[in-house]
Each structure stands twice: as structure tokens, then as C-alpha cells.
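K.L.:
Predicted model, plus sequence, below.
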Amino acid sequence: MPSLGFLKKKRTKDSQESNDLNSPTSPTLDRVTSNNTPLSPTISKNSTLFSEPESTTNRTNPSAIPTSPKPAEQMNNNNQIVGQNPTANTQNVPSIKNMINGPDYGGNNGGASQNDSAYSSQTAASSAQSALGLATQNARGNPVRETKGKYTLTDFTISRTLGTGSFGRVHLVQSKHNQRFYAVKVLKKQQVVKMKQVEHTNDERRMLQRCKHPFLITLWGTFQDGKNLYMVMDFIEGGELFSLLRKSQRFPNPVAKFYAAEVTLALDYLHSANIIYRDLKPENLLLDRHGHLKITDFGFAKEVPDITWTLCGTPDYLAPEVVSSKGYNKSVDWWSLGILIFEMLCGFTPFWDSGSPLKIYENILKGRVKYPPYIHPDAQDLLVKLITSDLTKRLGNLHGGSRDVMTHPWFAEVTWERLAKKDIDAPYVPPVKGGVGDASLFDKYPEETEAYGQGGDDPHGKLFPDF
Ligand SMILES: Nc1ncnc2c1ncn2[C@@H]1O[C@H](COP(=O)(O)OP(=O)(O)O)[C@@H](O)[C@H]1O
Ligand SMILES: [Mg+2]
């Protein structure tokens, strides 16, 4: 069990997009690799990683834990999780009943959040069905939403910072026109250029614009001024899954299953459009006010019909084929799903090391995972099949694609069509009042000192033509 240091600190990203320029991702190179074939390393990259300094945000507060079972309630004789936390608010109690063909919940989840009208449950259902081979609608078929030139800085009142990452800062803002709250991601152009994130940032915008799915963040528009790029998104009030997990220490089996299932549907949707996400981790998973997930941060999302070589992601979550500079594709997201499920069930990641990212990479390449005895046997079976370096064995990466993950015994109770319609109650409902800009579930950050919207030179503007 890692020391508390791990629990306190937010992880950082690594990216070496500069390698994309040198590596054979160009469409003129014929390197199509089928999903069920082991990827052979034809080109090896010279990787020099950079790491951003870690945020020192203290995220420990094990007191107010809605989903945390007490040890005595978690285990039966087989070390399986069997109980629930009797101190939890009953509304928030995780229940396996939430996930099975139980009573009809009436097809609604208590009302859509302020911006949710942009979603149709049909899209979600279709996406789930795409893995089940029942429908064809997916991100590929979506009409591209018009998001360019819709807004300027003067349309919003900027308020507090909701989160910071390696490359950006996200603010809560309020529209001066409709008084609704949004989240705006602000990226400093100079910083993006310096950190060689121009291509990633343009991809982030492009991929987000294409996607429409109940478990993916909606981008409403983008704009830029002389210094910054701005992306206007839904404000998701319930905070990061990261915060909930650190408070809870670890999630009971059904809770982890619920979140994993929603992520699986989102990955199925993205992959059906040849988009790999590449940055799955609890920091990028937000809870809406009903407790459903929204994946944010498309900073490393990219359309990759065949294979790519870029070394990017977050160390704990990197697949071995990324670490060892092999070409890779969607397989990396299924590995990361395995790491995510492991972290949700255990409270720490399987290859974590206090030393450095390099130590983590060593552990990833060694590939030895120690499964704590409290992991449910079905969950462990799925994890063994996701966290495998053998790409011919990794679930999600085989002929059956995401269907193999969805039909795994750990997910046996999940009714995917209902889940896709948000027709299954979430195990935990964040204590927020929607629509009033309540950001109390987000950590506090030092605010930006430089005012946005200043004039002056714009030497990098031409690099971001879509904003
Ligand atoms: N739409 C959103 N609503 C609320 N908070 C958000 C939203 N998008 C991002 N955040 C917060 O901001 C943080 C940083 O945003 P992210 O897009 O992940 O940036 P980075 O690419 O720098 O990691 C997230 O971890 C989350 O806490
Ligand atoms: Mg992020």
C-alpha cells in the first residue's frame, strides 16, 4: 500500500507531442494495424519526457464519505464486499439493484441539468447499441456542431477557478445573456506553443466538437484573444471523481462497476469514431448533479484510424505499448480502463511508485500486478484481461471490441441500454443545487493574476485557426 503522499497529490501529465512530428503518423505511411494484431515496433522513439510540477493540493478528508464502506461491512469470509455503509445517506447508498433489471425507474433521472437539453437519450442508446451491433449511429455520423465564433470574453462574467491541469485552467463563468453557468478552459497560447501542445490543442477542440454523448462533456464554443484560447463547456457541478475517491479511500464493488460501465459506454462511442482518448483517470471524470459521469479534458484525444506513436498521458495510466515506444491505438484506453477500475477498487494504482515516473514506467513494463484479496473475483478476472501487455489478449482490443468488455461477467447485471439513457440511479448524488453556480465540491486554487482579454501582439494566433 503506497504511502499517504500518493493520496494527497494530484498526478501530472506527460506528453511528448514533438515526437509526433518525427514519428510515422503521416497518412502517407501505410501502417494500418488491425485491432487484434500485436503491434510490432518498427520505429523506436527517442523519448525525453518532461514532467510538470505536481500540484500540492491536499485532497485528504476521509470524514464526509458517502460511499465508503467500513472494513467490517465490506468483507465476507471470501473477502468479498458485501455490505454498505450504514452511515450513508440512503439516497446515496450504492446498491447493486441500481444496476440490474430492477424496478422501472420511469426513464428519468430527476430532470436534466441546465444544459442537458442538448443531449438526446437516443444518441446514448444508439451508442451503447453500436457495441452490441444493433445500431450504427455514432460520432462518425454526427453532424459537426457549429461552435466557432459564437462567443467572446465579454459574453461572460468570469469567476473562480474550478481546476488546473498541466496545460490549462478552468473557470466557472456566467453568461451575461442567459445567466447560465458554464466552465471555460483557458489556455495561454505562449505556454501551449512552448510545451509543444499546438497540435493537441487543435485536436482537443476538433474532437470535442464532434462528440455528442451523455457521458462526454459538451463544448458550446471557442474563441481567442491576443494571449489566450477559450473553450466554453457545460459546468459540471458535482466535482471530480478523484475527490470523491480520495475521500472514500476506495469504492465498493457496485460503485466502481457503475462508473466503469459509464466510462465503457463513452469509450465505445469514441472508438466507434476512431477517436482514442488517452487520458483516462479520475481527475478527468466529473460527476453531474445526478451523479452520472462526464468525461472532460480532450487534451490528448485524437482521431487515429490506424496507429500512432506519441508518448502522452499520465504516468500511472500509461499502457506498456506507450511506455516502450511501440505504435499503439485504441488498446491504450482499455488498459487505462483497467487501471481506473483498479484505482477505484483499491484507492491506489497498480504500478504506483513513490520514486518517480521512471520507476512507474519500469513497473508497467514488468507488468506484475498485486491484487488485494478484497477485489471481487469477477473484477479481478476483468482486470487481468485489461491490464495485460499482450495485445492479442487484452479485452476491448480483440475481434469483439468493446462488446467483450460489456459482456464480461463483472458487468453481468448491467443493462447497457438503460445505463446509456441514464435510466439507472447513480450510487452517489453530489450535494449541489443545480443551476446556481455552486462550485463548493471543487478544490480551491490560487487565482490567475493576469487579466484576460488584454490586447497587444498575437504572434501565435495563426496556429489556432479553428478557435
Ligand atoms: N466542464 C467542466 N466543469 C467543471 N469542472 C471542470 C470542467 N472541465 C474541467 N474541469 C475542472 O478543471 C480541471 C482541469 O481541466 P482539464 O480539462 O482536465 O485540464 P488539463 O488538460 O490541464 O488537465 C479538471 O480536472 C476539472 O477539475
Ligand atoms: Mg485533466
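P.N.:
Cool, the structure landed. Keep in mind that what you see is a predicted model, and the values were worked out from it rather than measured. Ligands and ions are numbered 1, 2, ... in the order given.
K.L.:
what residues does the stretch 101-250 of the chain put near ligand 2?
P.N.:
Gly165 (Cβ under 5 Å from the ion). Glycine gets a C-beta too; all of them are placed from N, C-alpha and C.
K.L.:
all strands of the stretch 101-250 of the chain, in order?
P.N.:
156-164, 169-175, 181-188, 219-224, 228-234 (DSSP state E, counting those that start in this stretch).
K.L.:
Dump the fourth one to CSV, keeping only the CA atoms.
P.N.:
The reference is to strand 219-224. C-alpha atoms of strand 219-224 as CSV (Å, rounded to 0.1, in the frame of the first residue of the first chain):
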residue,chain,number,x,y,z
LEU,A,219,-18.3,22.1,-26.0
TRP,A,220,-20.5,25.1,-26.8
GLY,A,221,-18.0,27.3,-28.4
THR,A,222,-14.4,28.6,-28.6
PHE,A,223,-12.7,31.9,-29.1
GLN,A,224,-9.4,33.5,-28.6
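K.L.:
That strand and ligand 1 in contact?
P.N.:
No. Applying Cβ under 6 Å from any ligand atom, one finds strand 219-224 separated from ligand 1 by no less than 9.2 Å.
K.L.:
packing partners for that strand?
P.N.:
Packing partners of strand 219-224 (3 or more Cβ pairs under 8 Å, 6 or more residues apart in numbering; DSSP states H and E): helix 198-210, strand 228-234.
K.L.:
for the residue in the chain that ligand 1 sits nearest to, what are its contacts?
P.N.:
Residue of the chain nearest ligand 1, by Cβ to the nearest ligand atom: Gly165 (1.7 Å). By Cβ atoms under 8 Å, 6 or more residues apart in numbering, the contact set of Gly165 is 13, 283, 297, 299.
K.L.:
do Tyr151 as well
P.N.:
220-223, 230, 232.
K.L.:
Rebuild those as CSV, extending it with neighbour count and pLDDT.
P.N.:
Shown next, in CSV, are the contacts of Tyr151 (neighbours: other Cβ atoms under 10 Å; pLDDT from 0 to 100):
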residue, neighbour count, pLDDT
Trp220, 21, 96
Gly221, 21, 96
Thr222, 24, 97
Phe223, 19, 96
Tyr230, 23, 97
Val232, 22, 98
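K.L.:
so which pair among the contacts of Gly165 is furthest apart in space?
P.N.:
Greatest spacing in those, by Cβ to Cβ: Glu283 and Gly299 (11.5 Å).
K.L.:
higher neighbour count, the two?
P.N.:
Higher neighbour count among Glu283 and Gly299: Gly299, with 26 against 22, using other Cβ atoms under 10 Å.
K.L.:
Confirm for me that that one is in contact with Arg205.
P.N.:
No. At 10.2 Å, Gly299 does not count as touching Arg205 under the criterion of Cβ atoms under 8 Å.
K.L.:
Number of residues surrounding Leu270?
P.N.:
By other Cβ under 10 Å, neighbour count at Leu270 equals 27.
K.L.:
Setting aside sequence neighbours, what's the nearest residue to it?
P.N.:
Tyr277 (5.6 Å; Cβ to Cβ, 6 or more residues apart in numbering).
K.L.:
my read: Asp297 touches Pro282, true?
P.N.:
No. Contact between Asp297 and Pro282 fails when scored by Cβ under 8 Å: they sit 11.5 Å apart.
K.L.:
The two: who's more crowded?
P.N.:
More neighbours surround Asp297 than the other of Asp297 and Pro282, with 24 against 20 (other Cβ under 10 Å).
K.L.:
and the residue lying closest to the more buried one once chain neighbours are set aside, what pLDDT?
P.N.:
With sequence-adjacent residues excluded and distances taken as Cβ to Cβ, 6+ apart, Asp297 is closest to Asn284, at 4.2 Å. Listed pLDDT for Asn284 reads 97.
K.L.:
So which elements touch whichever strand or helix holds Cys312?
P.N.:
Here Cys312, judged by DSSP states H and E, is contained in strand 311-313. In terms of contacts (3+ Cβ pairs under 8 Å, 6+ apart), strand 311-313 is packed against strand 14-16, helix 320-323.
K.L.:
ok, 10 Å please
P.N.:
strand 14-16, helix 18-22, helix 320-323, helix 331-346 (3 or more Cβ pairs under 10 Å, 6 or more residues apart in numbering; DSSP states H and E).
K.L.:
Enumerate the positions of the longest one that are buried.
P.N.:
Judged by neighbour count (16 or more other Cβ atoms under 10 Å), helix 331-346 contains these buried residues: 331-346.
K.L.:
Which SSE is immediately downstream of that helix?
P.N.:
Next along from helix 331-346, by DSSP H and E: helix 357-366.
K.L.:
If we go by neighbour counts, what in that next one is buried?
P.N.:
Taking 16+ other Cβ under 10 Å as the criterion, helix 357-366 shows 357, 360-361, 363-364 as buried.
K.L.:
Could I get the full set of helices for this structure?
P.N.:
4-8, 18-22, 71-74, 121-132, 189-194, 198-210, 241-248, 253-272, 320-323, 331-346, 357-366, 377-386, 402-406, 416-420 (DSSP state H).
K.L.:
Could you name every residue contacting both of Glu283 and Gly299?
P.N.:
13, 165 (Cβ atoms under 10 Å, 6 or more residues apart in numbering).
K.L.:
residue ranges with poor pLDDT in the stretch 151-300 of the chain?
P.N.:
When residues are selected by pLDDT under 70, none of them lie in the stretch 151-300 of the chain.
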